[in-house]
Structure formats: structure tokens, C-alpha cells
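Trainee: Dropping the sequence and predicted coords here.
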Amino acid sequence: MKQRKNLHDKTIIILLSLALFIILIFGSLNFMIFNKDFYYREYTKNNVYSSLPADVDAKNVTDNIIKYFRNTEDLKYFTADETSHMQDVKNLIRLMQFIYYGASAASIILFIYCYRRFKEDKFEFIKVLAKSLLYSSIAAIAVLLVVFLMSVFSFDFLFIGFHHIFFPQGNWMFNPDSLLITLFPQQFFFDIALRIFIYAMFQALIFFGIGFWMNKQLKIVEKHSPFR
């Protein structure tokens, strides 16, 4: 009976850790994709405004892209090939959001389930939360550091590899003077990846700090409690 209980609790910890891991990784990604202020700063940094034709307004194009990703407006301004690629990007974003919001819902359900399951034993409830926070944050920090190092030392390899994996149909290569490349040069993707890394790492460190503190308090209670 005790073995079954331990297996059940470990399963809950694994599921909650996985859900929190997804939230840490995809949360910052979801935020940055729709952060128009970041786009505008990048346009200034990469001299996009001066590179566009006089009849093309970067902010109008960006607003159209964001609304397109949110499924509230059809895409304008782009060629058929660019639109085809943007449709693939949109599908990838929607998949990411489905996983992200699914993980968020799962984490809430698991939290409520754990609270009800350990209603008479708050020590075990906090123990499950502490382990879940620690495992998810450590996994997120490890993944983020690996991706960060790959980005710093071989961003071209990472960038091309990403497109080969997620856009195998090969419709992601365009002329340097195309609107899509003018708006989003490779430097844009390096900068957004860096910003995602910073935001996600910051959150992961907070999760780790909370989990570490909770685990430390549990050990103090366990040490001084005759019933543990």
C-alpha cells in the first residue's frame, strides 16, 4: 500500500514538474511574440524604417502580423510565398499556445488535486510543491543554458536547424530585399531569443529559490518533529 502511495505521489510530482517546466519555457516565448514594443525597438536598432519603401509603414505591418497571429485579421502586405511561410509560423505559434495554456490548466488542476489529497497533511502537500518547483526550475535552467550557449557560439547552426525541423517544406528562405527579411533580419531572432532566455531564466531562478526555501523549511520541521 505504501509503495503504491509513493508511486502515485511521484507521478503527481513528475506531472506537475512537467507542467511548470512548460510554463517557464513557453511563457516568455508567448509574451515576446506579441510584444509590439520589442518589435519597434528592433526596427530602430536594425535600421528597418529607413530600409522600407516609402509606402510601407512598419508599425501597420506589425499590427497586421500580430492580429493575424491572433486570428482576428488576414495577412496583408506580403507576397504569396511569404504568406505561405507566415501561415506555417502561425500554426506553430498556435501549437505552442495550446501546449502552454494546456500546461497552465494542468498545473492548476494538479495543485487543487494535491491540496485536496493532502488536506489533512500539509507537510506532504508542501513537499510535493517544493519538489515540483525544484525539478521544473532545474530542468528549465539546464535547457535554457544549453540553448543560450548554442546561440552565442553557433547561432547560425541553431537558426538553420530550427527551420529545418519546424519548416521542412523549405519555404523559409527569401531574398534579402523581401519585406519579411527586411523586417526580421537574423539579428532580430538573436535578440528575441536572448530576451526570452533572460525572462525565462529569471522566472526559473524564482521558482528554484521558492522551492529551495520550502524544502529547507521542511527539513527543519522534519528534524524537530517527533512524528516525522
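Mentor: Now that the structure is in, tell me what you want to look at.
Trainee: residues near Lys10, how many?
Mentor: 12 (other Cβ atoms under 10 Å). For every residue, glycine as well, the C-beta is placed using N, CA and C.
Trainee: That one: what secondary structure?
Mentor: helix (DSSP: H, G, I helix; E, B strand; the rest coil).
Trainee: Can you give me the distance of it to Ser17?
Mentor: Applying Cβ to Cβ, to the nearest Å, the value for Lys10 to Ser17 is 10 Å.
Trainee: Show me what the helix-or-strand element of the chain with minimal mean pLDDT is packed up against.
Mentor: Within the chain, confidence by mean pLDDT, DSSP states H and E is lowest for helix 2-33 among all helices and strands, at a mean of 88. In this structure, helix 2-33 packs against helix 80-117, helix 122-166, helix 186-224, with contacts taken as 3 or more Cβ pairs under 8 Å, 6 or more residues apart in numbering; DSSP states H and E.
Trainee: ok, for the residue most central in space within the chain, nearest residue in space, not its chain neighbours?
Mentor: Residue closest to the average C-alpha location in the chain (Cα atoms, centre = their mean): Phe26, at 1.7 Å. Spatial nearest neighbour of Phe26, excluding adjacent residues (Cβ to Cβ, 6 or more residues apart in numbering): Tyr100 at 4.0 Å.
Trainee: In this model Ser28 seems to touch the one you found, though I could be wrong.
Mentor: No - between Tyr100 and Ser28 there is no contact under Cβ atoms under 8 Å: 10.2 Å.
Trainee: quick one, which of the two is more surrounded?
Mentor: Using other Cβ under 10 Å, the more surrounded residue of Tyr100 and Ser28 is Ser28, with 21 against 17.
Trainee: how close does the more buried one sit to Gln203?
Mentor: 7 Å.
Trainee: go on, Phe111?
Mentor: In terms of Cβ to Cβ, Phe111 sits 17 Å off from Gln203.
Trainee: repeat for Phe190
Mentor: 21 Å.
Trainee: swap in Met32?
Mentor: 13 Å.
Trainee: Below-threshold pLDDT in this protein: ranges please.
Mentor: Scanning the chain for pLDDT under 70 picks out the ranges 1-5, 224-228.
Trainee: Tell me who's in contact with Phe202.
Mentor: The contact partners of Phe202, by Cβ atoms under 8 Å, 6 or more residues apart in numbering, come to none.
Trainee: on that earlier part again, need the helices and strands packed on helix 2-33 in JSON lines with distance to Tyr49, can you?
Mentor: Shown next, in JSON lines, are those (distance: least, Cβ to Cβ, whole Å):
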{"stretch": "helix 80-117", "distance to Tyr49": "19"}
{"stretch": "helix 122-166", "distance to Tyr49": "24"}
{"stretch": "helix 186-224", "distance to Tyr49": "14"}
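Trainee: Of these, which is nearest Asn6?
Mentor: Closest of those to Asn6 is helix 122-166, at 11.1 Å (criterion: Cβ to Cβ).
Trainee: Next SSE downstream of that closest one?
Mentor: Sequence-wise, the next helix or strand downstream of helix 122-166 (DSSP states H and E) is helix 179-183.
Trainee: other SSEs contacting that next one?
Mentor: Using 3+ Cβ pairs under 8 Å, 6+ apart, helix 179-183 is in contact with helix 48-51, helix 58-69, helix 80-117.
Trainee: So which of these is the most surrounded?
Mentor: Here the criterion is mean neighbour count by mean count of other Cβ atoms under 10 Å, and of the helices and strands packed on helix 179-183 the winner is helix 58-69, at a mean of 17.
Trainee: Alright, that wraps it up for me.
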